[in-house]
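J.: Pasting a predicted model and its sequence here:
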Amino acid sequence: IRMKKTVLFLVCLFTAGVAFADNHWVGTWGTAPQLVESHNNPPSPGLGNNSLRQIVQVSIGGEKVRLKLTNEFSSGATEIKAVELALAKTAGSSAEIDETSTVSLTFGGKAGVTMPAKGTAVSDPVGFKIGARQNVAITIHYGSASSTSVSGHPGSMSTGHSNSCFEMMERLTAMIMSGSSLPYDAILSQVSMGINIVLHIMRSREGKRYIDEICEVLPPQDHEYRLKTLYRNKGGDKLERIASIEDIQRAMAYRA
């Protein structure tokens, strides 16, 4: 399974604070940071003196939020001039926001912060009401920043066991339902948005592994998953293209 590939530079943990008496903070969105590979580094003109908007979908809601940024895998300092939060109008198909919801973050009372190499930064808490599974836009305005030594999250791959691409989606849903109270349709929506490509690998009688099918995950419809076959093995080592070139190019691009 290939998770949706969207390079998330610097943002490591987005934390929503629920109004508990003991000021307890609960994480509502996060990703595993790493040193971004060279082929995934930001394109020219890079991050320095530019702005980047990322759209994330939170899990739980809250009345106050704070943001954690990471520079843990970068070899140099990263200067952040300003950061704003706003409610996003889409899950990522456009950069549009509800401008009336925009709030500016501070770091120790200041608009910006410079993270040293291998360092992190946490913003001050700010009032920002968000609902469960709502899309939030994080806009970061950079000062001095490297575009060749970047902490980020280029994408994810995971392995599951099933007899087909579609069965893998059903098994994943069953695993989520066994440990979650989320409604079935909500799980379908979240899984379909989070997974882009499913690749089914089989083993021959001789013990050789081969790719049996490659499918794109489409938005669900009528309470069911929808998968589009891109390639299928018709025998031997070669895959037959089932979808059009246009469909394959679209599947390889970011889908919101």
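T.: That came in fine, so what should we check first?
J.: For the helix or strand harbouring V26, name the packing helices and strands.
T.: V26 belongs to strand 25-30 when assigned by DSSP states H and E. Judged by 3 or more Cβ pairs under 8 Å, 6 or more residues apart in numbering; DSSP states H and E, strand 25-30 is in contact with strand 11-17, strand 62-70. Where you see a C-beta, it was placed from the backbone N, CA and C, and this is true even at glycine.
J.: Report how many residues lie close to I195.
T.: 20 (other Cβ atoms under 10 Å).
J.: Surely it is in contact with P219?
T.: No - in this structure, I195 is not within contact of P219 by Cβ atoms under 8 Å, at 11.6 Å.
J.: so where's the chain shaky on pLDDT?
T.: Applying pLDDT under 70 to the chain flags residues 1-23, 253-256.
J.: can you point me to the longest strand in it?
T.: Longest strand in the chain by number of residues, with DSSP state E as the criterion: strand 209-221.
J.: Now do the buried residues in that strand.
T.: 212-217, 220 (16 or more other Cβ atoms under 10 Å).
J.: go on, stretch 89-99?
T.: Under 16+ other Cβ under 10 Å, the buried positions of stretch 89-99 are 92, 97.
J.: What of stretch 228-238?
T.: Quick answer for stretch 228-238 (16+ other Cβ under 10 Å): 229-233.
J.: The strand holding V26 vs strand 62-70, what angle?
T.: Relative orientation of strand 25-30 versus strand 62-70 (axes from the mean of the first three to the mean of the last three Cα atoms, to 10 degrees): 60 degrees.
J.: Tally up the residues packed near N41, please.
T.: N41: 19 neighbours (other Cβ under 10 Å).
J.: cool, the one 3 residues further on as well?
T.: Other residues within reach of S44 by the criterion other Cβ under 10 Å amount to 6.
J.: Ramachandran angles for it?
T.: Phi and psi for S44, reported as degrees, to the nearest 10, are phi -60, psi 140.
J.: how near is it to Y225?
T.: Going from S44 to Y225 by Cβ to Cβ, to the nearest Å gives 39 Å.
J.: Tell me where this protein has helices.
T.: For the chain, the helices defined by DSSP state H cover 165-178, 184-194, 245-252.
J.: Quick one: list the elements packing against the longest strand of the chain.
T.: helix 165-178, helix 184-194, strand 195-203, strand 224-233.
J.: Sheet partners, orientation included, of that strand?
T.: strand 195-203 (antiparallel), strand 224-233 (antiparallel) (DSSP bridges).
J.: For S204, which residues are in contact?
T.: Y210 (Cβ atoms under 8 Å, 6 or more residues apart in numbering).
J.: Against D237, how distant is it?
T.: 10 Å.
J.: Mind listing the shared neighbours of the two?
T.: Y210.
J.: related to what we said a few turns ago, which one of the helices and strands packed on strand 209-221 lies closest to H153?
T.: helix 184-194 (13.1 Å; Cβ to Cβ).
J.: what's next to that closest one, contact-wise?
T.: 3-4, 57, 91, 133, 169, 172-173, 176-177, 180, 182, 217-220, 223-226, 256.
J.: Would you mind checking these for buried ones?
T.: 4, 57, 133, 169, 172-173, 176, 182, 217, 220, 225-226.
J.: Need these in TSV (columns: distance to T120).
T.: Formatted as TSV, these follow (distance: Cβ to Cβ, whole Å):
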residue	distance to T120
K4	25
Q57	23
R133	26
M169	35
L172	32
T173	35
I176	30
L182	30
V217	33
P220	37
Y225	38
R226	40
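J.: List the residues that contact E216.
T.: 196-197, 227-228, 230, 243, 247, 251.
J.: Please produce a PyMOL select command covering the buried subset of those.
T.: To isolate the buried members of these in PyMOL, using 16+ other Cβ under 10 Å:
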select buried, resi 196+197+227+230+243+251
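J.: Which members of the contacts of E216 define the maximum pairwise distance?
T.: The distance between the two most remote of the contacts of E216 (Cβ to Cβ) is 13.9 Å, for N196 and A243.
J.: Which residues are in contact with each of the two?
T.: 216, 251.
J.: closest one to V83 among the helices and strands packed on strand 209-221?
T.: helix 184-194 (24.4 Å).
J.: Okay then, goodbye and thanks.
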